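Trainee: Give the three-dimensional model of this entry:
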Amino acid sequence: MESSMMTGAHILATGSALPDKCINNYELSKVVDTSDEWIYTRTGIKERRLISEDQCLIDLAYQASQKALDNAKINPQTLDLIVLATSSQNDLFGSASQLQAKIGATNAVAFDITAACSGFIIGLITANQFIQTGSYKKILIVGADVLSQWVDWSDRNTCILFGDGAGAVILQASKTNFIIGFQLDTNGLEANKLCISYQQESVQSYHNNTLGIKQGQYSYIKMNGKEVYKFAVSKVPESIKKCLIQLQLSIDDISWLILHQANQRILDTIAEKLCIPSDKVISNLQYYGNTSAASIPIVLDEANQKGYLKNNDIIIIAGFGAGLTWGTLIIKWYT
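Mentor: Presented below is the predicted three-dimensional model:
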């Protein structure tokens, strides 16, 4: 049967969504001690998009998903699975089911993956393996985050970095597999370098004291910028090189490099260490800032819509962030 031969997958379509509200560096300098020059020279960011008071994560995820569905020209009821990569869920129990309901994918299983800025890569690899096993044929993978809700806007070391957004891809079973290889890593010993930690309240209620229960809430984003920089520029090139060696590929074989959009200095240093010319590095960091799990699928969608990606292009995609987690995905693009 034909289905038994469909052991691979390819990207059928992409989509992305960004809030309308745009905050540039000058506007940010009105609320925190900074300047356009200070931010841009250190990060490469000029502006970022933030959700409005009447928007939420699912709104952006829905918009990105709907664009991908429209581009694929498929009915959402044909989806078998939805994977939502996010660290800023509407609901602590998960938000993928809300997305499933909103797009009308009544036949799809849905679950969240929480791996911060590496989340989309992990989601894409996970989805691909469901297809390779023959369990599912058509999967929607969404990377979406609204970290503006978790930023301390008085902390200039973090508030200048983050923006909100969502990106989506649809995978479909095929005879050839778009993923050539991947490499994933985690170092939980360094988790405190970038985190949104849970903190217990110092004041306890009568009921909590009586029952011996301690409750609290999540804090703002905390980041050791210097340590995260050192981690990214050392571990990411190492991961990419390891993947290339395993696949017997050279840098000359690579058409494009797509990195998690964290900081321009990080992007430049990684490309330099790999001897990849800047014209092969696709970036939109200056317009959107760090959108966490959304950054890679947004870049991928924009590159796709602009016609940059050609048939049989070999693309390195690498994510890195909280956990600490990092990973490399090498794909072949099929049109």
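
Trainee: going forward, measure contacts and count neighbours with C-alpha atoms only.
Mentor: Noted.

Trainee: excluding its backbone neighbours, what's nearest D20?
Mentor: Among residues not flanking D20 along the chain, R49 sits closest, at 6.8 Å (Cα to Cα, 6 or more residues apart in numbering).

Trainee: per-residue confidence at the spatially closest residue to Q215 that is not a sequence neighbour?
Mentor: Leaving aside its chain neighbours, Q215 sits nearest to Q200 (5.4 Å; criterion: Cα to Cα, 6+ apart). With respect to pLDDT, Q200 scores 79.

Trainee: can you give me the strands in the stretch 151-300 of the chain?
Mentor: Applying DSSP state E, counting those that start in this stretch to the stretch 151-300 of the chain gives strands spanning 164-174, 179-186, 194-195, 198-200, 216-218, 222-223, 256-259, 281-282.

Trainee: returning to that earlier point: past the host helix or strand of the residue nearest to D20, which element shows up next along the chain?
Mentor: Take DSSP states H and E as the rule and R49 turns out to sit in strand 47-50. Heading C-terminal from strand 47-50, the first helix or strand you meet, by DSSP H and E, is helix 57-72.

Trainee: by how many degrees do that next one and strand 164-174 diverge?
Mentor: 40 degrees (axes from the mean of the first three to the mean of the last three Cα atoms, to 10 degrees).

Trainee: Tell me the strands beside the helix or strand immediately after helix 57-72 in the chain, with direction?
Mentor: The helix or strand immediately downstream of helix 57-72 is strand 81-85, counting by DSSP H and E. Note on strand 81-85: by DSSP bridges, its sheet partners are strand 109-113 (parallel), strand 138-146 (parallel).

Trainee: Do I have it right that T325 meets F120?
Mentor: No. Shown here, T325 and F120 do not form a contact pair, counting by Cα atoms under 8 Å, at 11.8 Å.

Trainee: and these two? which has more neighbours close in?
Mentor: F120 (32 against 23; other Cα atoms under 10 Å).

Trainee: I'd assumed that one was in a helix, is it?
Mentor: Yes. When DSSP: H, G, I helix; E, B strand; the rest coil is applied, F120 is found to be in a helix.

Trainee: Hmm, it is touching P297, no?
Mentor: Yes. In terms of Cα under 8 Å, F120 counts as a neighbour of P297; the distance is 7.4 Å.

Trainee: Which neighbours do those two have in common?
Mentor: Shared contacts of F120 and P297 (Cα atoms under 8 Å, 6 or more residues apart in numbering): V142, G143.

Trainee: the domain parsing of this protein - what is it?
Mentor: 2-177, 180-189+222-332 (automatic domain parsing).

Trainee: follow-up on the earlier one: point out the most buried one among the strands paired with strand 81-85.
Mentor: Burial of the strands paired with strand 81-85 is given as mean neighbour count (mean count of other Cα atoms under 10 Å); strand 138-146 ranks first at a mean of 32.

Trainee: Export that one to PDB, keeping only CA atoms.
Mentor: Provided in PDB are the C-alpha atoms of strand 138-146 (Å, rounded to 0.1, in the frame of the first residue of the first chain):
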ATOM      1  CA  LYS A 138      -0.200  15.400   8.600                       C
ATOM      2  CA  ILE A 139       1.000  17.500  11.500                       C
ATOM      3  CA  LEU A 140       0.900  21.100  12.400                       C
ATOM      4  CA  ILE A 141       3.900  22.400  14.400                       C
ATOM      5  CA  VAL A 142       3.700  25.800  16.000                       C
ATOM      6  CA  GLY A 143       6.300  27.800  17.800                       C
ATOM      7  CA  ALA A 144       4.700  30.700  19.800                       C
ATOM      8  CA  ASP A 145       5.700  32.800  22.700                       C
ATOM      9  CA  VAL A 146       4.500  36.000  24.400                       C
END
